[in-house]
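> Coordinates for the following, if possible.
(4 chains)
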There are 2 protein chains.
Amino acid sequence: MTKRRTDGLSQELIVKAATGILDAGGESALTFRALTTHLSTGYGAIYHHVANKSDLLAAATDDVIAGVLTGVVVEAEPRETLRTVALGLFDAIDAHPWVGAQLSREPWRPALLAIYERIGGLLDALGVPERALFDAAGALVNYVLGVAGQNAANARLLTSSEGDRSVFLAKVAAQWAQLDSEEYPFVNKAAAHLREHDDREQFLAGVDIFLAGIAGLR
Amino acid sequence: MTKRRTDGLSQELIVKAATGILDAGGESALTFRALTTHLSTGYGAIYHHVANKSDLLAAATDDVIAGVLTGVVVEAEPRETLRTVALGLFDAIDAHPWVGAQLSREPWRPALLAIYERIGGLLDALGVPERALFDAAGALVNYVLGVAGQNAANARLLTSSEGDRSVFLAKVAAQWAQLDSEEYPFVNKAAAHLREHDDREQFLAGVDIFLAGIAGLR
DNA sequence: CACGACTTTGGATCGGCGATCCAACCATGC
DNA sequence: GCATGGTTGGATCGCCGATCCAAAGTCGTG
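Numbering: from 1, shown residues only, chains lettered A, B, ... in the order given. Sure, this is the predicted structure:
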């Protein structure tokens, strides 16, 4: 019953090592073999602190999301805070691309609950009527996670191929522009905008579209 | 050069078998072993028509999405067509939960391109100014895929546990209501709405929020 | 201070997976 | 009718998550 010394392994240590491996090598790099190497231990020790791989991924995700949500300073204007929280989530998923995939793979874990709580509370503070509050929160949360996840997937694709960002964008834009303009008129036009666009700005523009739509519900 | 008889295997046959396995047993059920059993063949034959597992998943996803996009009748009112397309995607991902995960895992494959094309075109027809068209399309596509994917994840969770839908919702609602109302006031209130809510209606409500926000850009 | 119960650790091992490789097969063109 | 090249089925490889167990370490108790 008394506390043992936490000298050896601990869940926190394992989660920290897992986060490092995931950030460095992507989701496929996180194996129990790699963990045993990084932590200089065996399988049994790890499985003693962690139920399985899903559990480990969930714990690492909770850790990252909790860091974002507690790190955001609450400003007076709920609308500004909302944009700050959304951008914080966007940046966190950009920095840890595996978080986005995990959130959509297992939406019932604590991390997503905390996100709903935070965003729902801010929408409430913004004056959204209760009748529409839950639709609005669901829509906004899903938008944030969807765009952030796609941005992360693109970033993953970028690091795996050579060349820097502008080269990559130019390559995709060329590919889109090459499509039959009869069959793909929209994508064709979008190619022109691709080079000059900023992911974070476009993300915030989407948040603003949402907030504008929500304001109409008042 | 001349056509061999397509008596034996073909990519289409493999994709169809894969879709059946995925729908029946979820993503983890799709293994090359299961495919050889269903198709009464060997590994080599399958790998001859399909590059690898990612390729197979992408082909199956393209197949499902193409079916949705070609199946929607174009109505006169772009706004109505937009809601129909969105709902079609929602229902397709609900019926084939693995599609949602695949779309967010590899967003550069043709299926997502077709979705952007369709939704972007409809927004254009709706009169969204070009300056805002790409932000709006990105936001709406991500909302649709995000909500549909989460709904599918919940549906997956439901089939894996016993009990029917209302029992499951009641269980989640009870779990949410049990949370500390100081720490989770929003989720706490949301629990009351959980029982009476309809996923498709809530989804469409989110689409409407979006369209309202987009209308403000005009 | 010693002993036994319990926790924690490290590694051997298992079944299953995606992928590769190769020998046998067979419709077609010369 | 025979060689050619696209097609097929299955043996095999290396790696993964997970399980299991014996050894080592840590405390409460008498």
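> wouldn't A:Arg218 be in contact with A:Glu130 here?
No - taking contacts as CB atoms under 8 Å, A:Arg218 lies outside contact range of A:Glu130: 11.8 Å. For every residue, glycine as well, the C-beta is placed using N, CA and C.
> Would you mind listing the residues touching both of the two?
Here A:Arg218 and A:Glu130 share no contacting residue, scored by CB atoms under 8 Å, 6 or more residues apart in numbering or on different chains.
> Grab the longest helix from chain A for me.
Under DSSP state H, the helix in chain A containing the largest number of residues is helix A:130-160.
> can I see the domain layout of chain A?
What automatic domain parsing lists as the domains of chain A is A:1-50, A:65-217.
> will you turn those domains into JSON lines that also has mean neighbour count and distance to DNA strand C?
Shown next, in JSON lines, are these (neighbours: other CB atoms under 10 Å in any protein chain shown; distance: least, CB to the nearest atom of the strand, whole Å):
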{"stretch": "domain A:1-50", "mean neighbour count": "14", "distance to DNA strand C": "2"}
{"stretch": "domain A:65-217", "mean neighbour count": "18", "distance to DNA strand C": "15"}
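> Can you tell me how far the closest residue to A:Val147 other than its chain neighbours is from A:Asp124?
The shortest distance from A:Val147 to any non-neighbouring residue, by CB to CB, 6 or more residues apart in numbering or on different chains, is to B:Asn142 (4.6 Å). Noted for B:Asn142: a distance of 23 Å to A:Asp124, by CB to CB, to the nearest Å.
> Repeat that for A:Ala190.
On the measure of CB to CB, A:Ala190 and A:Asp124 end up 36 Å apart.
> Then A:Val74?
Per CB to CB, A:Val74 is found 14 Å from A:Asp124.
> Which of the three states applies to the residue minimising distance to the centre of chain A?
Residue closest to the average C-alpha location in chain A (CA atoms, centre = their mean): A:Ile93, at 3.0 Å. Secondary structure, DSSP: H, G, I helix; E, B strand; the rest coil: A:Ile93 is helix.
> correct me, but it touches A:Gly149?
Yes - the pair A:Ile93 / A:Gly149 is scored as a contact, 6.5 Å apart, by CB under 8 Å.
> which neighbours do these two share?
A:Gly100.
> Now do the contacts for the residue nearest to A:Val147.
By CB under 8 Å, 6+ apart, the residues touching B:Asn142 are A:Asn142, A:Tyr143, A:Gly146, A:Val147, A:Gln150, A:Gly206.
> Go back to the residues you listed and keep what's next to DNA strand D.
By CB under 7 Å from any atom of the strand, no member of those lies near DNA strand D.
> ok, back up a step: any idea how far the residue lying closest to the residue nearest to the centre of chain A once chain neighbours are set aside lies from A:Ala86?
Among residues not flanking A:Ile93 along the chain, A:Ala148 sits closest, at 3.9 Å (CB to CB, 6+ apart). Distance, A:Ala148 to A:Ala86, using CB to CB: 9 Å.
> Let me see the ranges of the helices in chain A.
Using DSSP H, helices in chain A cover A:11-25, A:32-39, A:43-49, A:53-71, A:78-95, A:97-105, A:110-125, A:130-160, A:165-177, A:185-194, A:199-215.
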